[in-house]
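Trainee: Take a look and give me a structure for this.
(chains A and B)
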Amino acid sequence: MAEFLSLKEAVARHIHDGDTLAMEGFTHLIPFAAGHEIIRQGKRDLTLIRMTPDLVYDQLIGAGCAKKLIFSWGGNPGVGSLHRLRDAVEKSWPQPLEILEHSHAAMACAFEAGAAGLPLAVLRGYIGSDLPKVNDQIRFIECPFTGERLAAVPSIRPDVTVVHAQRADRQGNVLVEGIVGVQKEAVLAAKRSIVTVEEVVDDLGASVNACVLPSWAITAIAVSPRGAAPSYALGYYERDNAFYKRWDAIARDRDAFQSWLQENVFEEGAVS
Amino acid sequence: MSLEYTSAEMMSITAARALTNDMTCFVGIGLPSEAANLARLTHAPDVTLIYESGTLQTRPDVLPLSIGDGELCASALTTVAVPEMFRYWLQGGHISVGFLGTAQIDRYANLNTTLIGDYRQPKVRLPGGGGAPEIATNAKEVFITVTHSRRTFVKEVDFITTVGFGRDGKARDNVPNIGRGPTVVITDLCVLKPDPATKELTVTALHPGVTREQVIEATGWEIRFAETLDTTPAPTEQELTVLRELKERTAAHHAGQAQ
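Mentor: You can find the predicted model right below:
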């Protein structure tokens, strides 16, 4: 059964230096509050996994938490670059960052394979792309039935997955609604999982086919209102697109970034 | 009386015209999204738009800033998980057109959105592939829209993120279960199509007022022109009005979201 913890306690207890960590949420439900708590607790040498690193990993990378990034699209959607990610890749600031790069289709399949307990994912992918030349985790296999050449990538099985969701009930069952991304797959693929939620309710109000994560499939739940802002939680608040645009100027400059981090992360405590 | 319009508007409107009502289009963010929604709001009201965030048959009132804005989900027929999106709907063969943008394109319509320079020591690190590598091979055909300049139109891309026709124009030959690849490239100057035999991009139509010299000047290889070169029809008043209103609504929506 999922254990209800404060965000501070959940991060302290379940995320360790050197872990492989997936914080998922496809534009929607990105667990920013948890990311900030990881920065505050000074976690180091993390291998960060996320299809779209987004601002949350730009912040963790700039804060020096990451040694490696596994991703498939590393931009600020509709705005431009993730400047902290670029600074780490191009100039090794604040430290070198190893990258392992995939396509969305491959990462989505790799999360699904992880959830399915398989060692690899198979897809009709990467045809003619140079990505297999720079990522030795992309291989090709022959279909034993048809002989078709197909791409294979290792499944993703993180030490810890962190996702945000709309709500949990008092037993710790969680409802995820809207753009569900790879949240369910990422939780089921991981050894441990932390789910932050907007609120805890008596009844989830889930329709019969809703995306519900049972309490017994989750390690810890932390209540974190507005925990996905500046991304969004369908039914609770909208994406703060203006902040995503402002982030460009903040992240472009190392000093501006560090001031932002100081004011908005280090001087803000986690909700406990 | 002729209408005033910009080359960017000309590009979006021409790109929109490439889509028809019966298409199921996997839409990239940015210029493709603008063109696809313009098509839906003008001549192709029933075109099916799909975004990689899992939103099927979506009808946003404003252009999304990201591929997963709430507007896409709220106006969609249904929203599926991302693995399902790529496996069932794209790889499963339900997408007739992939509509992509790019940072660099070469004469065989290969796309680079990964980096400029050397992979381990890039001069400029770009966002990466996202959905494009598999959209380009699993969709039945691919439309590309990109601004025309020597920076974007290079003889050979630094990195093939997403295949057009490969370094030699033959990357799709004898590959089973693969789409036709890029069939049209729409820029702010012209329309290009791959040569049926060599697959090299060839200019088939110039936008009104654009000269061959302008296209030659903006292209990083010795660009070829079709024997019969058309002139793209100018935007209509209705197309311009709908595009401008869409962009105004979008700007107001995204600016109004500050805390």
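Trainee: neighbours around B:Y5, how many?
Mentor: B:Y5 is flanked by 18 other residues according to other Cβ atoms under 10 Å in any protein chain shown. (Glycine included, C-beta is placed from N, CA and C.)
Trainee: What of B:P32?
Mentor: 26.
Trainee: Next: B:V185.
Mentor: Residues near B:V185, counting by other Cβ under 10 Å: 27.
Trainee: Repeat that for A:M1.
Mentor: 12.
Trainee: got a list of what it touches?
Mentor: A:M1 is in contact with A:Q171, A:G172, A:S215, A:W216, counting by Cβ atoms under 8 Å, 6 or more residues apart in numbering or on different chains.
Trainee: Try it again at 10 Å.
Mentor: By Cβ atoms under 10 Å, 6 or more residues apart in numbering or on different chains, A:M1 lies in contact with A:Q171, A:G172, A:N173, A:P214, A:S215, A:W216, A:A217, A:I218, A:T219.
Trainee: what's the nearest residue to B:V124 if we skip its chain neighbours?
Mentor: B:I116 (4.2 Å; Cβ to Cβ, 6 or more residues apart in numbering or on different chains).
Trainee: which parts of the top strand by length along chain B are buried?
Mentor: When chain B is parsed with DSSP state E, its longest strand is strand B:224-231. Across strand B:224-231, burial judged by 16 or more other Cβ atoms under 10 Å in any protein chain shown covers B:F225.
Trainee: what's the average pLDDT for it?
Mentor: Strand B:224-231 comes out with an average pLDDT of 97.
Trainee: Can you name every helix or strand that it contacts?
Mentor: Of the remaining helices and strands, those touching strand B:224-231 by 3 or more Cβ pairs under 10 Å, 6 or more residues apart in numbering or on different chains; DSSP states H and E are strand B:190-194, strand B:201-206, helix B:212-217.
Trainee: mind listing the helices for the stretch 51-200 of chain B?
Mentor: B:70-74, B:82-84, B:132-138 (DSSP state H, counting those that start in this stretch).
Trainee: Once you drop chain neighbours, what's closest to B:L229?
Mentor: B:L206 (6.3 Å).
Trainee: State the distance from that neighbour to chain A.
Mentor: 30 Å (Cβ to the nearest Cβ, to the nearest Å).
Trainee: Low-confidence regions, the stretch 1-150 of chain B specifically.
Mentor: B:1 (pLDDT under 70).
Trainee: The residue nearest to B:V124: neighbour count?
Mentor: Neighbours of B:I116 using other Cβ under 10 Å come to 17.
Trainee: list the contacts for it?
Mentor: By Cβ under 10 Å, 6+ apart, the neighbours of B:I116 are B:A103, B:Q104, B:P122, B:K123, B:V124, B:R125, B:L126, B:R151, B:V154, B:V157, B:D158, B:F159.
Trainee: residue contacts, B:A226?
Mentor: Counting by Cβ under 10 Å, 6+ apart, B:A226 has contacts B:V191, B:L192, B:K193, B:D195, B:T202, B:V203, B:T204, B:A205.
Trainee: Look up which residues are beta-bridged to the fifth one.
Mentor: B:T202 has the following beta-bridge partners by DSSP bridges: B:K193, B:R224.
Trainee: Identify the residues contacting it.
Mentor: Taking Cβ under 10 Å, 6+ apart, we find B:T202 in contact with B:107, B:185, B:192-196, B:223-227, B:229.
Trainee: The same query, at a cut-off of 8 Å, please.
Mentor: Taking Cβ under 8 Å, 6+ apart, we find B:T202 in contact with B:L192, B:K193, B:P194, B:D195, B:I223, B:R224, B:F225, B:A226.
Trainee: Tell me how many other residues surround the first one.
Mentor: Taking other Cβ under 10 Å as the criterion, the count of residues near B:L192 is 29.
Trainee: Am I right that it is in contact with B:L201?
Mentor: Yes: here B:L192 reaches B:L201: they are 4.4 Å apart, a contact under Cβ atoms under 8 Å.
Trainee: show me where chain A has helices.
Mentor: Under the criterion DSSP state H, chain A contains helices at A:7-14, A:32-40, A:54-62, A:83-91, A:104-115, A:131-134, A:183-189, A:241-252, A:254-261.
Trainee: Is there proximity between the second one and chain B?
Mentor: The one in question is helix A:32-40. No: using Cβ under 8 Å from any Cβ of the partner chain, helix A:32-40 stays clear of chain B, coming no nearer than 13.5 Å.
Trainee: Alright, calling it a day.
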